[in-house]
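Enquirer: model this:
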Amino acid sequence: MRWITRGAVVATVAILCPLGISQLTATEMADPIEDRVPVAASVRRADSLRIDDVLHAFGHVAPADIIRVSMPRHAAPVTEILVNEGDMVDAGQILVRIDRIDIQRDLLQAQATLSATRADIRIARSSLQVAATDIAQRRAELDRLERLAKTGASSEVQRQDATRALQQAMSEHEAAKARLAGAQASEALALLALDRVTTLNSQLDVRAPVAGRVTRIMVDPGATPVIGSPVLDLAAADRMEAVLTVPPHALARVSPGTPARLWTPDGAMIAADVTRISPSTGPDTGLARVAVRLPDGHAHLAGSSLRAEIIVDQRVAIVVPTSALVALDSGPGLFRVVDQRAVATPVDLSMRPGGAEAEIVAGLSEGAVYVAVASPLLRDGERVARRSGPTDTGLKQTAALHLGLARR
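Expert: I've put the predicted structure just below:
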């Protein structure tokens with residue numbers, strides 16, 4: 001009996017085990033094995049942006065218009081300097097005083113010379129009047145003798161003497177006229193000399209020709225500068241410019257009026273335009289100089305170093321990060337997102353300076369959504385599970401979206 005029981009149990013197990021295993025296997029295989037492995041990926045919308053091609057440069061701030069104030073046309077010692085380097089001055093303000101002793105002596109002498117010449121003029125005019133009166137008298141005497149000669153009351157000798165006396169009076173009259181003309185010429189010269197000395201006397205105080213800032217003083221009190229030698233430099237109207245150095249070969253893309261951006265030591269940005277270009281032939285650096293006029297109100301930056309970007313070209317284009325680029329069989333490309341699928345798209349591009357971005361020349365239309373960071377798991381045609389829609393950023397392509405990449 002015991003053996004019969006054992007045989008029934010064994011037979012039951014033998015029958016049920018295959019059924020149980022089959023049923024378990026069927027239960028586990030009813031659903032497919034989960035192979036969805038979401039991978040976070042950043043996508044962006046292809047927006048057209050303004051692209052600036054820039055020429056990087058460095059330089060310093062210097063006065064834009066330097067006026068060199070010179071010594072007046074009179075050699076005299078400097079008695080007083082009334083300004084310091086860096087001072088703002090007004091037009092006509094006295095900057096340097098010059099010793100006046102010699103010029104005042106010259107002024108007195110010129111005034112005395114003018115007085116003497118005017119006295120000579122008065123004497124010459126008086127002599128001319130006397131000579132004119134003498135001529136009238138001599139002519140009257142000769143006329144009287146000629147009338148008497150008709151009645152025999154005057155002799156030939158008397159008439160000849162009267163003629164000679166008239167001629168003498170006329171000669172004296174001409175001499176008086178010459179002396180008057182000479183005295184008048186001397187007066188004109190004396191007036192010119194007096195005017196020159198008076199002008200010099202008024203110019204001995206060196207004055208600012210325009211409003212501006214004193215940038216350099218080149219004389220010392222007590223010194224006697226040469227006539228016409230520089231006394232000081234004045235930055236007209238306190239206008240400043242950035243003097244930038246650039247490679248000579250880059251000048252072909254720069255011209256007056258080219259826009260530029262300047263960054264000051266404190267990080268402030270100044271927008272300005274190129275005003276002039278100076279190709280350099282100096283043996284020290286071999287660099288060319290580009291001047292950019294600063295707006296008013298930046299005189300405090302004089303002497304400061306700065307960096308700049310000269311905008312040599314501006315256009316509208318689509319720019320993508322280099323992280324979006326993938327190597328396709330046909331060349332460079334990227335993945336567009338179309339109907340929730342990744343589409344490998346070949347593109348023509350040019351790399352941007354710095355290597356972090358690429359400009360799309362062809363292959364990607366504006367508004368298209370593309371994968372900004374290409375995952376190594378992403379393949380052409382794979383479905384993309386969107387978690388949200390891309391955002392149009394307008395000015396910058398910085399809107400990002402996380403996608404779950406589902407392998408099927």
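Enquirer: For this protein, just list every one of the helices.
Expert: 2-28, 101-149, 156-203 (DSSP state H).
Enquirer: Low-confidence ranges, the stretch 201-350 of the chain, go.
Expert: 280-285 (pLDDT under 70).
Enquirer: For it, which segments are assigned as strands?
Expert: 206-207, 212-217, 230-236, 240-246, 259-263, 269-278, 288-293, 305-321, 326-328, 331-338, 341-346, 348-351 (DSSP state E, counting those that start in this stretch).
Enquirer: Could you name the helices and strands sitting against the fifth one?
Expert: Based on contacts counted as 3 or more C-beta pairs under 8 Å, 6 or more residues apart in numbering; DSSP states H and E, the elements that strand 259-263 packs against are strand 240-246, strand 269-278, strand 305-321. Where you see a C-beta, it was placed from the backbone N, CA and C, and this is true even at glycine.
Enquirer: Nearest to residue 144 among those would be which one?
Expert: strand 269-278 (88.3 Å; C-beta to C-beta).
Enquirer: other SSEs contacting the closest one?
Expert: strand 259-263, strand 288-293.
Enquirer: residues in contact with the closest residue to residue 180 other than its chain neighbours?
Expert: Once flanking residues are discounted, residue 180 sits nearest to residue 124: 3.6 Å by C-beta to C-beta, 6 or more residues apart in numbering. Residue 124 is in contact with 176, 179-180, 182-183, counting by C-beta atoms under 8 Å, 6 or more residues apart in numbering.
Enquirer: Give me the buried entries from the residues you listed.
Expert: 176, 179-180, 183 (16 or more other C-beta atoms under 10 Å).
Enquirer: of all those, which comes closest to residue 324?
Expert: residue 183 (98.9 Å).
Enquirer: how about that closest one, what does it touch?
Expert: With C-beta under 8 Å, 6+ apart, residue 183 has these contacts: 117-118, 120-121, 123-124.
Enquirer: got a markdown table for those, with pLDDT and distance to residue 84 too?
Expert: Converted to a markdown table, the contacts of residue 183 look like this (pLDDT from 0 to 100; distance: C-beta to C-beta, whole Å):
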| residue | pLDDT | distance to residue 84 |
| --- | --- | --- |
| 117 | 94 | 46 |
| 118 | 94 | 47 |
| 120 | 93 | 52 |
| 121 | 94 | 52 |
| 123 | 93 | 56 |
| 124 | 92 | 57 |
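Enquirer: and which of those residues is nearest residue 265?
Expert: Once C-beta to C-beta is applied, the member of these that ends up nearest residue 265 is residue 117, at 66.1 Å.
Enquirer: now the strands of the stretch 201-350 of the chain as TSV including distance to residue 381 and mean neighbour count?
Expert: As requested, the strands of the stretch 201-350 of the chain are arranged in TSV below (distance: least, C-beta to C-beta, whole Å; neighbours: other C-beta atoms under 10 Å):
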stretch	distance to residue 381	mean neighbour count
strand 206-207	84	19
strand 212-217	70	20
strand 230-236	68	20
strand 240-246	49	22
strand 259-263	45	18
strand 269-278	46	14
strand 288-293	52	22
strand 305-321	21	17
strand 326-328	13	14
strand 331-338	10	20
strand 341-346	6	18
strand 348-351	23	14
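Enquirer: Dump those strands to TSV, plus distance to residue 45.
Expert: Below are those laid out as TSV (distance: least, C-beta to C-beta, whole Å):
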stretch	distance to residue 45
strand 206-207	65
strand 212-217	51
strand 230-236	50
strand 240-246	36
strand 259-263	27
strand 269-278	28
strand 288-293	36
strand 305-321	10
strand 326-328	19
strand 331-338	10
strand 341-346	15
strand 348-351	18
